[in-house]
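Chemist: No sequence on hand, only this structure:
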């Protein structure tokens with residue numbers, strides 16, 4: 001072994017342990033070489049675990065084996081040829097017998113229970129089984145920072161959260177967990193829909209109590225609670241649940257340390273720990289203005305964007321990072337353009353539609369056009385609409401806008417939804433209802449809740465086509481299926497009322513909707529089948545200039561052919577395909593043939609038309 005070196009006085013326990021090993025090996029007392037050991041940290045663990053003198057000596061020797069090759073070689077020499085460089089429990093019992101160490105005592109002792117020492121899994125009697133100190137704990141006693149398995153450092157913060165929200169959360173964390181020197185084993189639940197945002201909030205809470213947050217992937221790492229105590233860390237556990245589901249911490253609930261749980265807005269937490277919840281909310285208009293300025297917008301542009309969009313801090317950060325990549329001063333138009341490209345978690349739940357629809361592209365009756373204008377204004381004014389109104393209204397006001405478009409297929413409901421999205425500067429997402437619904441009880445509600453939460457924090461326009469399949473009328477209860485269907489409708493009624501974003505529901509028949517939805521809708525717009533004058537406009541808008549059909553002929557077609565806009569579109573495309581096969585403009589014969597085909601598709605007989 002190496003020649004003796006000076007040993008710091010605060011390593012007295014280690015000196016004793018290694019002295020016993022050398023005496024067993026050579027028959028002489030020996031002072032070991034200098035090994036780095038933070039004696040106060042070791043004493044902190046000993047006090048926490050209430051280790052006896054013998055158990056503490058055994059722990060010191062196991063530490064030395066992990067950090068010094070000469071000690072490991074000495075252990076291997078003593079145990080040769082039975083075992084290698086890690087100590088058998090029988091060796092520890094022999095070395096420290098006069099201090100009360102026994103094999104059974106080590107097996108049942110607090111050091112083993114808390115993971116400070118780990119029994120290896122050899123097929124051997126207890127005295128011949130090896131024990132060791134987990135390397136991450138040995139490193140911590142050495143003053144080094146090695147993460148336990150399943151514990152990850154949080155990424156650098158990418159989200160700026162409002163300062164008053166940070167202060168409020170910090171106050172909650174300090175009240176729940178107590179001072180740094182007396183941390184309690186409590187649970188702080190931080191809820192939200194943006195993972196980056198609630199992760200940043202967990203870092204805020206950890207900093208308030210003088211701890212470093214770590215993402216917890218595996219709560220079963222040996223000695224995890226001890227390592228957290230030595231390193232001044234706090235685990236951050238992530239969970240998701242649907243409405244009515246339980247959030248069970250599992251084995252993490254047994255960790256003898258405070259925990260931060262980041263979770264979605266749904267689900268109830270099952271834990272016996274003292275618990276407080278903090279919910280990440282949409283920042284106020286003033287807070288949004290400050291956040292936009294911090295992402296590079298001028299005060300005027302930040303104020304305009306904050307008034308127009310109602311987004312979470314996480315979504316603002318996503319857009320802000322994209323703004324920063326342009327390398328120039330950002331404007332409202334830049335924000336609108338990035339918003340229009342979509343992004344965020346909602347892309348996994350709905351389909352972004354990028355169609356650009358101008359007002360002149362939609363043929364609508366005057367009264368419907370006026371109603372559509374009022375709906376647009378309602379969307380644009382939603383953030384401050386309750387300002388200055390009575391306290392009863394303001395107390396319950398939620399800035400969501402919900403509208404129902406009803407009418408036959410092809411009457412312009414989808415085009416109108418796109419126009420609204422363009423006017424409001426919001427990305428339009430079409431909801432795939434087949435992906436939302438599930439045969440499993442509770443899954444549909446979970447999918448819808450996740451969709452609405454995500455859309456709400458991203459500030460998008462959700463378009464539910466054929467929405468009656470999801471928001472249909474409740475029925476008389478005759479079996480368990482009816483009860484489940486009615487319970488699902490009841491949930492959707494409440495959830496759509498609480499929604500603070502913009503949702504457009506479309507259906508071919510208003511009668512298929514549950515009557516209780518009417519009160520929860522801000523507007524209901526009826527899209528009628530077009531009359532002859534409107535149909536004439538539709539033919540002009542769809543044909544453009546790429547045809548040689550006489551105006552009188554189009555007048556005749558508009559009067560006789562009672563097709564809505566969506567069917568007119570099909571007819572014109574089919575006629576264009578015929579004409580372009582012969583490399584010529586669309587002629588009346590092309591239109592006549594395409595009209596005949598469209599009526600056949602609909603199972604109807606086309607009206608007679610005079611030869612073109």
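Modeler: Nice, thanks for sending it over. Note that the structure is predicted; figures quoted are calculated from it, not measured.

Chemist: what sits up against stretch 217-233?
Modeler: 41, 44-45, 48-49, 114-116, 118, 134, 136-137, 140-141, 145, 148-152, 180, 210-214, 234-235, 237, 250-252, 254-257 (Cβ atoms under 8 Å, 6 or more residues apart in numbering). From N, CA and C alone the C-beta is placed, and that goes for glycine too.

Chemist: Okay, buried residues for that stretch please.
Modeler: 219, 221-231, 233 (16 or more other Cβ atoms under 10 Å).

Chemist: Residue 162: which of those residues is nearest?
Modeler: Nearest to residue 162, judged by Cβ to Cβ, of the buried residues of stretch 217-233 is residue 233 at 26.1 Å.

Chemist: Double-check residue 292 against residue 307; I have them as touching.
Modeler: No - with contacts counted by Cβ atoms under 8 Å, residue 292 stays clear of residue 307, the gap being 10.5 Å.

Chemist: Return the members of the contacts of stretch 217-233 classed as buried.
Modeler: By 16+ other Cβ under 10 Å, the contacts of stretch 217-233 give 41, 45, 48-49, 114-116, 118, 134, 136-137, 140-141, 148, 151, 211, 213-214, 234-235, 237, 252, 255, 257 as buried.

Chemist: Now, those that are in helices?
Modeler: Mapping the buried ones among the contacts of stretch 217-233 onto helices (DSSP state H) picks out 41, 45, 48-49, 136-137, 140-141.

Chemist: Chain neighbours aside, what residue packs nearest to residue 279?
Modeler: residue 191 (4.6 Å; Cβ to Cβ, 6 or more residues apart in numbering).

Chemist: Identify the bridge partners of the one you found.
Modeler: Residue 191 has these beta-bridge partners by DSSP bridges: residue 263, residue 279.

Chemist: What distance do you get for it to residue 554?
Modeler: 59 Å (Cβ to Cβ, to the nearest Å).

Chemist: now swap in residue 338 and tell me
Modeler: Residue 338 is 42 Å from residue 554, by Cβ to Cβ.

Chemist: Rebuild the buried residues of stretch 217-233 as CSV, extending it with distance to residue 457 and pLDDT.
Modeler: Below are the buried residues of stretch 217-233 laid out as CSV (distance: Cβ to Cβ, whole Å; pLDDT from 0 to 100):
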residue, distance to residue 457, pLDDT
219, 28, 92
221, 33, 93
222, 38, 94
223, 38, 94
224, 32, 95
225, 34, 94
226, 38, 95
227, 35, 95
228, 31, 94
229, 35, 92
230, 37, 92
231, 33, 92
233, 29, 94
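
Chemist: Quickly name whichever of those is closest to residue 543.
Modeler: Among the buried residues of stretch 217-233, and counting by Cβ to Cβ, the member closest to residue 543 is residue 219, at 66.6 Å.

Chemist: Sticking with that closest one, tell me its helix or strand.
Modeler: Counting by DSSP states H and E, no helix or strand carries residue 219.

Chemist: I'd like to know how many residues surround residue 541.
Modeler: Other residues lying near residue 541 total 16 when counted by other Cβ atoms under 10 Å.

Chemist: tell me the SS of it?
Modeler: With DSSP: H, G, I helix; E, B strand; the rest coil as the basis, residue 541 sits in helix.

Chemist: contacting residues for it?
Modeler: Counted by Cβ under 8 Å, 6+ apart, residue 541 has contacts 360-361, 363.

Chemist: In TSV: those residues, plus neighbour count, distance to residue 380 and pLDDT.
Modeler: Formatted as TSV, these follow (neighbours: other Cβ atoms under 10 Å; distance: Cβ to Cβ, whole Å; pLDDT from 0 to 100):
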residue	neighbour count	distance to residue 380	pLDDT
360	8	20	81
361	13	20	81
363	22	24	85
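
Chemist: and which of those is nearest to residue 429?
Modeler: residue 361 (20.3 Å).

Chemist: residues contacting that closest one?
Modeler: 415, 419, 541.

Chemist: Please apply the same query to residue 500.
Modeler: 282, 310, 398-400, 456.

Chemist: Of those, keep whichever come out buried.
Modeler: So, by 16+ other Cβ under 10 Å, the buried ones in the contacts of residue 500 are 282, 310, 399-400, 456.

Chemist: And the residue lying closest to residue 548 once chain neighbours are set aside, its phi and psi?
Modeler: Ranked by Cβ to Cβ, 6+ apart and with sequence neighbours excluded, the top spatial neighbour of residue 548 is residue 585, at 4.8 Å. Torsion angles at residue 585 (phi, psi; degrees, to the nearest 10) stand at phi -70, psi 160.

Chemist: My guess is residue 208 contacts residue 175. True?
Modeler: No - Residue 208 is beyond contact range of residue 175, at 9.8 Å (criterion: Cβ under 8 Å).

Chemist: With neighbour numbers in mind, choose between these two.
Modeler: residue 208 (20 against 11).

Chemist: got the buried ones among the contacts of residue 500 as JSON lines, with pLDDT and secondary structure columns?
Modeler: Shown next, in JSON lines, are the buried ones among the contacts of residue 500 (pLDDT from 0 to 100; DSSP: H, G, I helix; E, B strand; the rest coil):
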{"residue": "282", "pLDDT": "86", "secondary structure": "coil"}
{"residue": "310", "pLDDT": "87", "secondary structure": "coil"}
{"residue": "399", "pLDDT": "83", "secondary structure": "coil"}
{"residue": "400", "pLDDT": "85", "secondary structure": "coil"}
{"residue": "456", "pLDDT": "84", "secondary structure": "helix"}
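
Chemist: contacting residues for the closest residue to residue 499 other than its chain neighbours?
Modeler: Excluding its sequence neighbours, the residue lying closest to residue 499 (Cβ to Cβ, 6+ apart) is residue 400, at 4.7 Å. Counting by Cβ under 8 Å, 6+ apart, residue 400 makes contact with 382, 498-503.

Chemist: So which of these belong to helices?
Modeler: Those of these lying in helices (DSSP H): residue 498.

Chemist: Does residue 588 touch residue 551 like I think?
Modeler: No - look at residue 588 against residue 551 with Cβ under 8 Å: they stay out of range, at 11.6 Å.

Chemist: neighbour-wise, which of the two wins?
Modeler: Each of residue 588 and residue 551 has its neighbours counted (other Cβ under 10 Å); residue 588 has more, 20 against 9.

Chemist: could you measure the more buried one against residue 550, distance?
Modeler: 8 Å.

Chemist: mind putting the contacts of residue 400 in a markdown table, pLDDT and distance to residue 79 included?
Modeler: Below are these laid out as a markdown table (pLDDT from 0 to 100; distance: Cβ to Cβ, whole Å):
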| residue | pLDDT | distance to residue 79 |
| --- | --- | --- |
| 382 | 86 | 75 |
| 498 | 83 | 67 |
| 499 | 86 | 68 |
| 500 | 87 | 68 |
| 501 | 89 | 68 |
| 502 | 92 | 72 |
| 503 | 92 | 71 |
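
Chemist: Could you pull up phi and psi at residue 246?
Modeler: According to degrees, to the nearest 10, residue 246 has phi -90, psi 140.

Chemist: ok, for it, nearest residue in space, not its chain neighbours?
Modeler: In space, residue 246 is closest to residue 270, 4.9 Å off (Cβ to Cβ, 6+ apart).

Chemist: so what's residue 38 up against?
Modeler: 141-143.

Chemist: now, among those residues, which is nearest to residue 319?
Modeler: residue 143 (42.8 Å).

Chemist: tell me the strands in the stretch 101-250 of the chain, going along the chain?
Modeler: 118-119, 131-132, 151-153, 187-191, 212-216, 233-239, 246-248 (DSSP state E, counting those that start in this stretch).

Chemist: how would you label residue 607: helix, strand or coil?
Modeler: coil.

Chemist: low pLDDT regions in the stretch 251-400 of the chain?
Modeler: 325-329, 343-344, 395 (pLDDT under 70).
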